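Colleague: Provided below are the primary sequence and the corresponding predicted coordinates.
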Amino acid sequence: AAGVIQSPRHLIKEKRETATLKCYPIPRHDTVYWYQQGPGQDPQFLISFYEKMQSDKGSIPDRFSAQQFSDYHSELNMSSLELGDSALYFCASSSGRAVSYGYTFGSGTRLTVV
Amino acid sequence: GNSVTQMEGPVTLSEEAFLTINCTYTATGYPSLFWYVQYPGEGLQLLLKATKADDKGSNKGFEATYRKETTSFHLEKGSVQVSDSAVYFCALSTGNQGGKLIFGQGTELSVKP
């Protein structure tokens, strides 16, 4: 079965650089969520989109922005990178805002800022 | 606010031992409850879920029962295997938060042969 695809799997950037993370949801899923997981920490919700509109916002820094495109894929743009942005970034998708179903996570993008 | 508290790890068990990982929650409304598992270097996989009080979620020998009276969702398995070694996250989601998951801090399980 198709899963949530994230790219790239690994990314190394220098401080103050920009990074773009991509997420391709499961076909026919219209909702995308982004989470950040620091080393040894639990995932923290960043932002979500439903039908290409932002639906909820969590602890996402102002330096980050995201959007969902017409084909439902989503991109997380991160500017002025800081060492503390080093983390695993997960995308998840669901059909509708199906709270009770739990949703499917991608394998994540590991971002290292040096 | 909504929150999830898990027992601290790491938890180290011998193969075939009984596993319990405690999880309690605080939530307004009626949350759905989940257990996710994260194997080393991998993403989060949904292990099981329960959407209302007294529901029991089960998968791969793991079980958890939604206990509203004790606001708990403890994870259990009767006989663990080395392959169960992973980090386990308890999580909740409420309908008024658009599907956002709130995670506990995770419990690392290490199973020795």
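Modeller: Here it is on my side, so go on. Every value quoted in this text rests on a predicted model; they were computed, and no experiment measured them.
Colleague: What parts of chain A come near chain B?
Modeller: A:31, A:33, A:35, A:41-45, A:48, A:50, A:55-56, A:58, A:90, A:92, A:94, A:97-108 (C-beta under 8 Å from any C-beta of the partner chain). All C-beta spots, glycine's among them, are computed from the backbone N, C-alpha and C.
Colleague: Could you list the residues of chain B in contact with chain A?
Modeller: Residues of chain B lying near chain A (C-beta under 8 Å from any C-beta): B:32, B:34, B:36, B:42-46, B:49, B:51, B:89, B:93-95, B:97-106.
Colleague: sorry, back to before: could you tell me which of the residues of chain A next to chain B count as buried?
Modeller: Among these, those scoring as buried are A:31, A:33, A:35, A:42-45, A:48, A:50, A:55-56, A:58, A:90, A:92, A:94, A:97, A:99, A:101-108 (criterion: 16 or more other C-beta atoms under 10 Å in any protein chain shown).
Colleague: pLDDT-wise, which helix or strand of chain A ranks last?
Modeller: strand A:104-105 (a mean of 88; mean pLDDT, DSSP states H and E).
Colleague: which residues sit against that strand?
Modeller: Contacts to strand A:104-105, defined as C-beta atoms under 8 Å, 6 or more residues apart in numbering or on different chains, come from residues A:3-4, A:26, A:29, A:35, A:90-94, B:36, B:43-46.
Colleague: mind redoing it with 7 Å?
Modeller: A:3-4, A:26, A:90, A:92-93, B:43-44 (C-beta atoms under 7 Å, 6 or more residues apart in numbering or on different chains).
Colleague: Look up how far chain B lies from the most centrally placed residue in chain A.
Modeller: Residue closest to the average C-alpha location in chain A (C-alpha atoms, centre = their mean): A:Trp34, at 3.3 Å. Distance, A:Trp34 to chain B, using C-beta to the nearest C-beta, to the nearest Å: 11 Å.
Colleague: Next, that residue: phi, psi?
Modeller: phi -120, psi 140 (degrees, to the nearest 10).
Colleague: Okay, and the beta partners of it?
Modeller: A:Ile47, A:Cys91 (DSSP bridges).
Colleague: Identify the residues contacting it.
Modeller: The neighbours of A:Trp34, taking C-beta under 7 Å, 6+ apart as the test, are A:46-47, A:66, A:76, A:89, A:91.
Colleague: And those residues, which of them are buried?
Modeller: Here, 16+ other C-beta under 10 Å leaves A:46-47, A:66, A:76, A:89, A:91 buried among the contacts of A:Trp34.
Colleague: any chance of the residues you listed in JSON lines, plus pLDDT?
Modeller: Formatted as JSON lines, the buried ones among the contacts of A:Trp34 follow (pLDDT from 0 to 100):
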{"residue": "A:Leu46", "pLDDT": "96"}
{"residue": "A:Ile47", "pLDDT": "95"}
{"residue": "A:Ala66", "pLDDT": "97"}
{"residue": "A:Leu76", "pLDDT": "98"}
{"residue": "A:Tyr89", "pLDDT": "97"}
{"residue": "A:Cys91", "pLDDT": "96"}
